[in-house]
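[1] task: produce atomic coordinates for the following.
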Amino acid sequence: MQDALIAWYGVFVETFKFTKAKLESLPPADRGQVEYADTVVNGLRIRVGISGAKSFCISRKRNGKFIRATLGRFPDLTIDNARAKALELLGDVAITGKNPNVVKRVNEKATVTLASALATYIENRDERLSADTAKQYRSVLQNFSGDWMKQPLSSISRERVESRHKAITDGSVWFGADKSTLRAGVGTGSKAQADLWARVLRAVYRFSHDHYRDEQGKTLLPDPPTMVLSTKRKWHGTVRKTERIRTNELSRWFSALTSVRATAELARDDIAAAVCDAVEMAIFTGLRKSEILELSWDRVNLGGRYFWIDTTKNGDPLELPVTETLLKLFRRRAKLKASDGVLVFPGDKGVIKEYRHIIDRISAATVPDSNPDLLLPIPFKWHDGRRTFGTIAELVGVGNYILKRLLNHRTMRSADVTQGYLHFSADELMEPASRIERAILEHAGIIESKKSLDAKLLLALESLNEEKKRINLQNSNDKRSSVMNNSEMSIPAIIVATFINELFVDGPDSEAISLLRKGLVLDDSENPREVLLIK
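    Next up, the predicted model:
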């Protein structure tokens with residue numbers, strides 16, 4: 001057939017019978033693309049670009065819409081195969097009226113792989129998913145289902161999920177790094193790991209099930225296969241960890257912490273000293289590991305006695321008070337701060353990553369040299385500090401809403417309506433934080449408990465002879481009448497004040513005064529009489 005020109009939407013397209021020699025001789029386009037039509041299969045075209053690249057495509061007008069779909073590159077795709085493929089697609093268009101490009105996109109969505117679905121899930125979660133959590137999701141799926149990553153989500157059946165969940169539980173499946181290269185304690189299969197893997201897979205699949213839809217909005221993937229674990233009750237329901245430092249072990253723990261820190265400071269092991277301070281801060285604040293190790297000096301205001309954390313695990317900002325113990329800790333860190341230092345607890349190259357060996361050193365030091373009671377080392381993981389803080393906070397009667405704020409549990413978007421109206425600044429959190437701090441120090445034996453101090457003061461009062469007791473009572477009665485109308489002091493306060501004055505009759509070095517000085521945590525320069533009267 002002789003070459004001819006046909007008009008397509010006002011553009012003339014040269015037509016001829018496609019042959020290999022003819023197509024190879026087609027020149028590059030001067031600009032854009034030039035199309036040529038085949039006379040054998042109506043609707044088969046070849047496009048030539050300015051680089052000379054040639055691609056087969058089909059062109060068809062259907063229901064008033066122009067349809068064009070690429071078939072493949074010439075000469076990789078032969079003329080005969082291009083004609084066969086064109087006839088197939090043109091036939092589908094004639095029968096179904098569907099655009100092949102739309103069908104292709106739908107098929108791609110329906111056959112999305114686990115790896116692609118995971119990447120899309122993480123991308124869509126954006127800032128709501130921390131970098132650490134995203135890394136954990138990738139690791140968990142790769143470690144326990146690395147052979148599934150390039151497979152379509154639709155091929156992951158209920159039976160496969162159930163079988164893999166059991167294999168992870170038994171520790172018989174692993175696609176991660178060589179186990180011999182892993183540090184001790186890294187789990188390569190357990191009940192907890194199996195449930196974690198299934199939760200991550202469920203999250204990705206649920207997102208994909210709703211995200212990937214056809215042109216009519218219908219879902220393209222089967223129901224999430226992880227439903228089988230609920231239907232058959234295969235979830236292990238891993239119990240929340242409860243490890244913490246017991247109150248009767250706090251004394252040993254702080255002694256060990258102080259010893260390891262002192263040794264590190266003498267040896268100029270700045271990272272070990274920083275880890276010791278960071279662990280101490282964890283116990284006195286209940287903060288998470290990342291929130292402490294990533295704390296920078298620009299978020300610490302010692303003059304205002306508060307510090308804040310912009311990015312927390314739940315995404316909510318957090319402002320906390322600097323109690324007396326934290327003030328000493330921050331001042332200690334400030335003395336070691338480099339002129340260009342950014343982090344409060346710096347490592348060699350930014351945030352401290354390797355710290356386990358230092359914590360193990362502290363745990364080992366909790367066993368005294370003389371050990372008649374056969375005491376064992378006190379184990380410690382970073383979150384144990386958080387549980388220790390929370391437990392002691394509950395023991396001292398800190399309110400639930402206050403404790404939630406101190407622990408930075410979700411409050412900004414809580415379903416609790418009452419909680420939504422409560423907002424606590426660092427100033428308002430200072431009193432409950434100080435109560436928790438004092439309780440920790442009392443349990444650790446660093447300061448004497450109020451109960452013990454009260455008992456000793458009562459004992460000192462009982463030791464006064466009858467004449468002194470009579471004088472105290474008379475003085476109290478005299479003062480009561482003179483201050484009742486113009487003083488804010490209560491009657492018990494008057495009696496206590498009178499008793500304090502009497503204690504000092506025996507001199508500043510008496511046993512009672514020594515008890516007062518110890519109980520009030522005073523140094524030698526402070527006057528316990530003045531402090532007591534002020535209190």
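
[2] okay, and Ala264 sits in which element?
    Applying DSSP states H and E as the criterion places Ala264 in helix 250-266.

[3] quick one: the strands in the chain?
    Per DSSP state E, the chain carries strands over the ranges 4-8, 11-16, 33-38, 44-49, 54-62, 65-74, 300-301, 306-309, 318-321, 346-347, 350-351.

[4] same for the last one, what does it pack against?
    Right, strand 350-351. For strand 350-351, not one helix or strand is in contact under the criterion 3 or more C-beta pairs under 8 Å, 6 or more residues apart in numbering; DSSP states H and E. Any C-beta I mention is one placed from the backbone N, CA and C, and that applies to glycine too.

[5] list the neighbouring strands of it plus their orientation.
    Paired strands of strand 350-351, with direction, are strand 346-347 (antiparallel) (DSSP bridges).

[6] so how far is the strand it pairs with off the chain centroid?
    20 Å (C-alpha atoms, centre = their mean, to the nearest Å).

[7] thinking again about what came up before, okay, the strands of the chain in TSV with distance to Asp360 next?
    Shown next, in TSV, are the strands of the chain (distance: least, C-beta to C-beta, whole Å):
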stretch	distance to Asp360
strand 4-8	77
strand 11-16	77
strand 33-38	67
strand 44-49	65
strand 54-62	63
strand 65-74	61
strand 300-301	29
strand 306-309	27
strand 318-321	28
strand 346-347	17
strand 350-351	20
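
[8] excluding covalently adjacent residues, which one is nearest to Asp38?
    Leu44 (4.1 Å; C-beta to C-beta, 6 or more residues apart in numbering).

[9] lowest average pLDDT across the strands of the chain?
    Among these, strand 4-8 has the lowest mean pLDDT, at a mean of 50.

[10] for the stretch 201-350 of the chain, which segments count as helices?
    Shown for the stretch 201-350 of the chain, the helices assigned by DSSP state H, counting those that start in this stretch span residues 227-231, 250-266, 270-285, 289-293, 324-335.

[11] just name the most buried of those helices.
    Comparing those by mean neighbour count (mean count of other C-beta atoms under 10 Å), helix 270-285 ranks first with a mean of 23.

[12] can I assume Arg83 is in contact with Thr39?
    No. With contact defined as C-beta atoms under 8 Å, Arg83 does not count as touching Thr39 (11.2 Å).

[13] backbone dihedrals for Arg246, please?
    phi -70, psi 150 (degrees, to the nearest 10).

[14] now do it against Gly445, distance only.
    14 Å (C-beta to C-beta, to the nearest Å).

[15] and for Leu87, nearest residue in space, chain neighbours not counted?
    Excluding the flanking residues, the one nearest Leu87 by C-beta to C-beta, 6+ apart is Val41, at 6.1 Å.

[16] care to break this structure down by domain?
    The chain breaks down by automatic domain parsing into domains covering 4-98, 114-231, 247-443, 450-534.

[17] between these, which one is closest to Glu108.
    Between Glu108 and the domains of the chain, the tightest spacing by C-beta to C-beta is seen for domain 114-231, at 9.1 Å.

[18] assess the claim that Asp210 and Thr219 are in contact.
    Yes. Assessed by C-beta under 8 Å, Asp210 is found in contact with Thr219 at 7.0 Å.

[19] what about those two, which has more around it?
    Thr219 (15 against 10; other C-beta atoms under 10 Å).

[20] who does the helix holding Ala264 touch, helix- and strand-wise?
    helix 270-285, helix 356-365, helix 426-443.

[21] redo that, cut-off 6 Å
    Secondary-structure packing of helix 250-266 (3 or more C-beta pairs under 6 Å, 6 or more residues apart in numbering; DSSP states H and E): helix 270-285, helix 356-365.
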